[in-house]
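[1] Sharing a sequence plus its predicted fold:
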There are 2 protein chains.
Amino acid sequence: MTPSRPLLLTRRIHLDTGRENVVVISRRSRALRPEIFRGFSRVEIRSDPKVLLATLLITDDDALVGPDQLGLAEPAFRRFGEPEGRRVSVTPAPPPDSLDAVRAKIQGRSLTAAEIGAIVTDLAHYRYSDMEIAAFLISSASFMTSEELLALVGAMANAGTRLSWSESMVVDKHCVGGIPGNRTSMVVVPIVAAHGLTIPKTSSRAITSPAGTADTMEVLARVDVSVDEMREVVATCRGCLVWGGHVNLSPADDILISVERPLSLDTQEQMVASIMSKKLAAGSTHLLIDIPVGPTAKVTSAAEAMRLRKLFEFVGDHFGIAVEVITTDGRQPIGNGIGPVLEARDVMAVLANEPGAPADLREKSLRLAAHLLEYDPQLRGGTGYTRARELLDSGAALKQMQKIVDAQGPSMCRTDLGTLTFDVTATSDGTVTAIDCLQINRLARTAGAPIDKGAGIRLFKKVGDRVAAGEPLYRVFTFGESEHDLALAAARAHAGYTIDGHTGAAGGAAP
Amino acid sequence: MTPSRPLLLTRRIHLDTGRENVVVISRRSRALRPEIFRGFSRVEIRSDPKVLLATLLITDDDALVGPDQLGLAEPAFRRFGEPEGRRVSVTPAPPPDSLDAVRAKIQGRSLTAAEIGAIVTDLAHYRYSDMEIAAFLISSASFMTSEELLALVGAMANAGTRLSWSESMVVDKHCVGGIPGNRTSMVVVPIVAAHGLTIPKTSSRAITSPAGTADTMEVLARVDVSVDEMREVVATCRGCLVWGGHVNLSPADDILISVERPLSLDTQEQMVASIMSKKLAAGSTHLLIDIPVGPTAKVTSAAEAMRLRKLFEFVGDHFGIAVEVITTDGRQPIGNGIGPVLEARDVMAVLANEPGAPADLREKSLRLAAHLLEYDPQLRGGTGYTRARELLDSGAALKQMQKIVDAQGPSMCRTDLGTLTFDVTATSDGTVTAIDCLQINRLARTAGAPIDKGAGIRLFKKVGDRVAAGEPLYRVFTFGESEHDLALAAARAHAGYTIDGHTGAAGGAAP
């Protein structure tokens, strides 16, 4: 189609529409009258050679967008990458061709690698609306063949940056997630790097959890480093702890996740595709996968963990990544802090061998590091754990972490703890028999984490601990009255602790 | 959860966000800081007893929404139903409970009637985001059991107005759609009503087509009548032709369709659920379903039509509606006009027995009316067609239509034809062997129909007609230069006519 003749002038609209490209047109627009577009799901904005697909909203407010203007909401404005006042044409956009494959998948047909490649390319170029992304995810959620899974991993890895390293062995670890406070990477990376293996760790930020490793590391150092900077850090320190989003690893995965999470879709195939596409793009050769199993973890049974393990191994074998999968105890949070600042304090306490450092975080980290160290051909078989403990106890790991922090540079974020706090106390004497990971995550998130680095939860009691009625189980840290009130109400409704088998036996109490 | 303490003042935002409830909050909001909401897909707006679920956007522009304000985009503002400046609280909203059932369906489980009922209730109350609606549709698209289909039809019918009539026989007709110009209802209703049967016809407006029956009827009379007015019209005239959306028949269906269409999802089960829920809600006792079959129709094979027929019969039997399904010729448009004004002229020409009236529209309408008249126990079997023709030829149907138009009252819309036109001509001599219904619909839509009532297409040649090179095949009517240019470019790319088997042999030419 030829563009509509009367060109519109772009204008930036300070409206954060999340991931989706959104543009706003006046109902009295000098270009096409917007109602005409109603039958089309998307519009194409063009100022040669730039093209952008976007969802169209209509306004009656000339102060927002005048008849000769086209408003670009923040993400669309940023991606269009042109200053305001650019002349653009707007035309109804046909849906991406690859949607035909999505519809075929909905009808039960398996897709070819080429079809999946086209879908991923369109996804990575923001050509899918949220609804269309949901359509792809859900059509794939009920079943995905092995071939489809491999094609998806390959296409997603190729859609962004592909890192390559001169070392023949590049080790990595990854946890499938869901356990509050589980910041083992920040202990494992310095241990493994201190030993001398290359471990360029990229991590994600939290999407629906109170902290991702990138959020917590950011308390100590800058994590939004470029690919070149990342290479320099790794050259100096053998390891790094940076945010994968900034180096654009598997961007299609980030887009899929942004729709998966609000829909609480989390199939095994999608989880494997997400993780393995990132590891493939990151150039890992040896990968340790941690699958915590527990009633409120992502994986709730050994059978499920087994199936997931096979999927990881299958994909790893295909792409030449040596994958080892271990299951770990996922029945409760790891460490005492939940939220970036509190977790960073746990990590530093473990690295510094402080007396009060959380033993479970230390032990789990040592176990994971031991597995990674065993990859080293120079190390005598079975001595990985001893070597890991040696590096930790001697302070070598702490020194390595300080080196990594220095190399990545200082973070600009606040590192103080929230000052508006309340304690949640036990309502009866007894033994803690369960902690609900989902609820603890939810509470920490409601308290303001990870946006407020210093918001979160400090656990005083873990599973197996004896408590007396009135004794504090945990403290919630917040910065604002509304976060405080919301978290308090949520904790009162469901504290997340079970004492002697009585769910909800513990109530929230303001100090 | 308790509401956040600092209440916000509502403000109307002149932003048309389609069907979805959208609210806008300042990044410096005095209530919860908006980033905190990021993990939640929706927020709850409350001003007791009013509650509204909405999607949250964030702004940096105080002129749009200040720190102590909450902006409500048009649909949210309308549905909240309160004046500006109302004090409201905003809290993160947990997703509707019924989404658990949607996730179970994605995983392959069949749903109970209670689960489907809960989903439909949440849908009808605008508690689902577009993504969540897509999730339900797609999870149901790959398979739906008979029991699920029945539960869906019943729940959708119950979610809105249920009409009941004192007559023991209430006849109705419905076409599954997709054929341009196919306005038989506007001929059938006056014939059947003139005979004396009760036929309270509710129709839809176009969503992605260039005209729905409600859009075309609106050229002649008001169609957004209330339930009471509809009853009065039917009491006086035995029939009516009104917009079903205004009387709130199966509102959940309208919501589902608003997501189905942009995704081009149209499974048989969803089509049957949509149509039968509306008919059940409308109180029909005898229903004739028209399934046009053709290569560019919605139904492309006899086998597909057969399966669809069985589904209609199954659902009809369950709910006590006598359903008869016929297949008709769907290989090309019906009548000569496409677009509300042009179609209304065709209809009136048929009713007035004008010499130039389109014969195919007349014949098809007579055939459908004949089927409906055969429901009348008083009529001798097999005489339905003769009776229908008698009522049409005598002018009784025209008189009845005028009575219905008078009873519904005058329409306020423009009824002139678009003045910016172009003709599409044959590029070679030959016989028209096919007309692409999809492309003709698309062109008429691009020309401005149904928003511009007088925009659309007048066909000069139909399948089987001889044409000479340079002879006009059809004329496109538009009101604006941009619509003209866009339609011209689209017609040049794909004229929609096949001459002697050569697809695209006909090109567009400006006059």
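    Done, it's in.

[2] all contacts plus neighbour counts: C-alpha atoms, from now on.
    Fine.

[3] What are the contacting residues of stretch A:232-246?
    Residues from elsewhere that reach stretch A:232-246 (Cα atoms under 8 Å, 6 or more residues apart in numbering or on different chains): A:186, A:189-190, A:193-194, A:196-205, A:214, A:217, A:222-226, A:230, A:251, A:254, A:400, A:403-404, A:407-408.

[4] In helices, which of those appear?
    A:186, A:189-190, A:193-194, A:214, A:217, A:230, A:251, A:254, A:400, A:403-404, A:407-408 (DSSP state H).

[5] Just to check, A:S209 is in contact with A:R442?
    Yes - taking contacts as Cα atoms under 8 Å, A:S209 lies within contact range of A:R442: 7.3 Å.

[6] Mind jotting down where the helices sit in the stretch 201-350 of chain A?
    A:213-217, A:227-237, A:251-260, A:268-282, A:302-319, A:340-351 (DSSP state H, counting those that start in this stretch).

[7] and the fifth one, average pLDDT?
    Along helix A:302-319, the predicted local confidence has a mean pLDDT of 96.

[8] Outside of that helix itself, list whatever touches it.
    Identification of contacts with helix A:302-319 by Cα under 8 Å, 6+ apart yields A:150, A:268-269, A:272, A:276, A:280, A:291, A:293, A:299, A:322-325, A:327.

[9] same check, this time on the last one
    Contacts to helix A:340-351, defined as Cα under 8 Å, 6+ apart, come from residues A:181, A:183-184, A:186-187, A:210-211, A:215-217, A:219-220, A:335-337, A:356-359, A:361-362, A:392, A:395, A:397-398, A:415-417, A:449-450, A:453-458.

[10] ok, how many other residues are close to A:E229?
    13 (other Cα atoms under 10 Å in any protein chain shown).

[11] so what's A:E167 up against?
    Here A:E167 is in contact with A:T198 (Cα under 8 Å, 6+ apart).

[12] ok but it is inside a helix, no?
    No - according to DSSP: H, G, I helix; E, B strand; the rest coil, A:E167 belongs to no helix; its state is coil.

[13] Next one, pLDDT for it please.
    93.

[14] before we move on, what about A:R27?
    Reported pLDDT for A:R27: 83.

[15] Enumerate every residue touching A:T121.
    Contact analysis of A:T121 by Cα under 8 Å, 6+ apart lists A:155, A:159, A:252.

[16] How much space separates it from A:A157?
    11 Å (Cα to Cα, to the nearest Å).

[17] circling back: what's the most buried one of the helices of the stretch 201-350 of chain A?
    helix A:213-217 (a mean of 27; mean count of other Cα atoms under 10 Å in any protein chain shown).

[18] Would you pull up how far that helix lies from the middle of the chain?
    10 Å (Cα atoms, centre = their mean, to the nearest Å).

[19] is it anywhere near chain B?
    No - on the criterion Cα under 8 Å from any Cα of the partner chain, helix A:213-217 is out of touch with chain B, staying 14.3 Å away.

[20] Which secondary structure elements does that helix sit against?
    helix A:185-195, strand A:199-203, strand A:239-243, helix A:340-351 (3 or more Cα pairs under 8 Å, 6 or more residues apart in numbering or on different chains; DSSP states H and E).

[21] Save these as a markdown table, and put in mean pLDDT too.
    Formatted as a markdown table, the helices and strands packed on helix A:213-217 follow (pLDDT from 0 to 100):
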| stretch | mean pLDDT |
| --- | --- |
| helix A:185-195 | 98 |
| strand A:199-203 | 96 |
| strand A:239-243 | 96 |
| helix A:340-351 | 98 |
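
[22] so which of the ones in helices among the contacts of stretch A:232-246 would you say is closest to B:T112?
    A:D254 (34.4 Å; Cα to Cα).

[23] what's the distance between the closest residue to that closest one other than its chain neighbours and A:R458?
    Excluding its sequence neighbours, the residue lying closest to A:D254 (Cα to Cα, 6 or more residues apart in numbering or on different chains) is A:G245, at 7.8 Å. Going from A:G245 to A:R458 by Cα to Cα gives 28 Å.

[24] List the residues that contact A:L379.
    A:L373.

[25] Need the three-state assignment for it.
    coil.

[26] Please tell me how far it sits from chain B.
    To chain B, A:L379 is 44 Å away according to Cα to the nearest Cα, to the nearest Å.

[27] can you put the helices and strands packed on helix A:213-217 in a markdown table and add distance to A:P472?
    Formatted as a markdown table, the helices and strands packed on helix A:213-217 follow (distance: least, Cα to Cα, whole Å):
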| stretch | distance to A:P472 |
| --- | --- |
| helix A:185-195 | 28 |
| strand A:199-203 | 33 |
| strand A:239-243 | 34 |
| helix A:340-351 | 17 |
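
[28] The helices of the stretch 201-350 of chain A: which one's closest to B:V170?
    Here helix A:251-260 is closest among those (Cα to Cα), at 45.7 Å.

[29] related to what we said a few turns ago, and of the helices of the stretch 201-350 of chain A, who's closest to A:D130?
    The nearest among the helices of the stretch 201-350 of chain A, by Cα to Cα, is helix A:251-260 at 7.0 Å.

[30] which other helices and strands contact the closest one?
    Looks like helix A:251-260 contacts helix A:113-124, helix A:130-141, helix A:146-158 (3+ Cα pairs under 8 Å, 6+ apart).

[31] picking up where we left off before, tell me which of the helices and strands packed on helix A:213-217 lies nearest to B:S284.
    Going by Cα to Cα, the one of the helices and strands packed on helix A:213-217 nearest B:S284 is strand A:199-203, 59.7 Å.

[32] and the residue of the stretch 301-450 of chain A nearest chain B?
    As assessed by Cα to the nearest Cα, chain B sits closest to A:G448 within the stretch 301-450 of chain A, at 5.9 Å.

[33] Got the confidence number for that residue?
    For A:G448, the predicted pLDDT is 89.

[34] How much space separates it from A:H484?
    Taken as Cα to Cα, the span from A:G448 to A:H484 is 9 Å.

[35] which neighbours do those two share?
    Taking Cα under 8 Å, 6+ apart as the contact rule, A:G448 and A:H484 both touch A:T478.

[36] Between the two, which is the more surrounded one?
    A:G448 (29 against 24).

[37] Next, count neighbours for the closest residue to the more buried one other than its chain neighbours.
    Leaving out its chain neighbours, the residue that sits closest to A:G448 by Cα to Cα, 6+ apart is A:A455, at 5.4 Å. Using other Cα under 10 Å, A:A455 has 34 other residues around it.
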